[in-house]
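Undergrad: Give me coordinates for this.
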Amino acid sequence: MAATPTTVSISYNLFRNGTHIGIINENFEVKDGAYHATSEAKAIGLLALAQRRPVTYFSSGESTKDGLRPLRFEGTRGNAIAHVAFDWKTDTLTMNHDGIRQTVALPRATQDRLSVMYQLMYLMQSKPRTVEFAMTNGRKLDRYRYDVHADVHIDTPLKRLPTLHLVKQREQGDAQTEIWLAPEFHNLPVKVLIVEDDGVRYEQVVTRLDVKL
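TA: The predicted structure is shown next:
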């Protein structure tokens, strides 16, 4: 297995329908068999007047030969707070959000919405044509399946990059989701696109990426 980073620091610009609305800063660290990841999104411009508190995510757990094994996930958006506990001994996932507590079966290799972006570094090492995983966003648990398209070049503020282009296999009512990973940067995400059912388009594009092995 190829070496994966021990520390990652990434910044992204966030766009809504082409308008720059926010900045996302993320940090990821692996040390002594454990990992920690944080993400903070701050609104800019007029949106900052209505959304003063940043959107934050935190994920921590174990670092194994197969990648990341989350134990705890937290998400804060405005007054909404989600807490998730992964119990791999009993294979149960407990989600707490908006005063609601729900415990469900925990599928093998489940990720949270933050850890999954770094788990892709491990999943891509076998050069799959598709990737599939279960993921929780703090409110629910779903399965996701992406087709992988190699050698797709895109322009970024860093430079023009060859990427692996992941396209979500959608069902009726699903949002369109696409992820671009950069092999040059250990298959970390350099662009994410989400198009909601109502046509609203969100793009997350890398502006800074620092990696240490």
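Undergrad: tell me which residues in the helix or strand harbouring E74 are buried?
TA: Element membership for E74, per DSSP states H and E: strand 67-77. Within strand 67-77, the residues scored as buried using 16 or more other CB atoms under 10 Å are 67-71, 73-76. Where C-beta positions appear, they are placed from N, C-alpha and C, glycine not excepted.
Undergrad: do the same with stretch 180-197
TA: If you call a residue buried by 16+ other CB under 10 Å, then stretch 180-197 has these buried ones: 180-182, 185-193.
Undergrad: Could you tell me how far that stretch lies from the centre of the chain?
TA: In terms of CA atoms, centre = their mean, to the nearest Å, the centre of stretch 180-197 is found 9 Å from the chain centre.
Undergrad: swap in stretch 147-160?
TA: 18 Å.
Undergrad: For the longest helix that the chain contains, enumerate the helices and strands it packs against.
TA: Longest among the helix segments of the chain by residue count, using DSSP state H, is helix 115-123. Using 3 or more CB pairs under 8 Å, 6 or more residues apart in numbering; DSSP states H and E, the elements in contact with helix 115-123 are strand 34-43, strand 67-77, strand 130-136, strand 188-195.
Undergrad: Which other helices and strands does the shortest one contact?
TA: Packing contacts for strand 130-136, counted by 3+ CB pairs under 8 Å, 6+ apart, involve strand 111-112, helix 115-123, strand 141-155.
Undergrad: rerun at 10 Å
TA: strand 67-77, strand 80-87, strand 92-97, strand 111-112, helix 115-123, strand 141-155, strand 160-168 (3 or more CB pairs under 10 Å, 6 or more residues apart in numbering; DSSP states H and E).
Undergrad: picking up where we left off before, possible to save the helices and strands packed on helix 115-123 as TSV with distance to L213 and mean pLDDT?
TA: Shown next, in TSV, are the helices and strands packed on helix 115-123 (distance: least, CB to CB, whole Å; pLDDT from 0 to 100):
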stretch	distance to L213	mean pLDDT
strand 34-43	15	97
strand 67-77	16	96
strand 130-136	23	97
strand 188-195	13	97
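Undergrad: among the helices and strands packed on strand 130-136, which is the most enclosed?
TA: strand 111-112 (a mean of 27; mean count of other CB atoms under 10 Å).
Undergrad: Identify all contacting residues around it.
TA: 37, 57-61, 67-70, 72-75, 82, 84, 86, 93, 117-120, 123, 133-138, 141, 144 (CB atoms under 10 Å, 6 or more residues apart in numbering).
Undergrad: what sits against G61?
TA: Here G61 is in contact with 34-37, 68-73, 86, 88, 111-112, 115 (CB under 10 Å, 6+ apart).
Undergrad: which one among these gets closest to V167?
TA: Q111 (18.4 Å; CB to CB).
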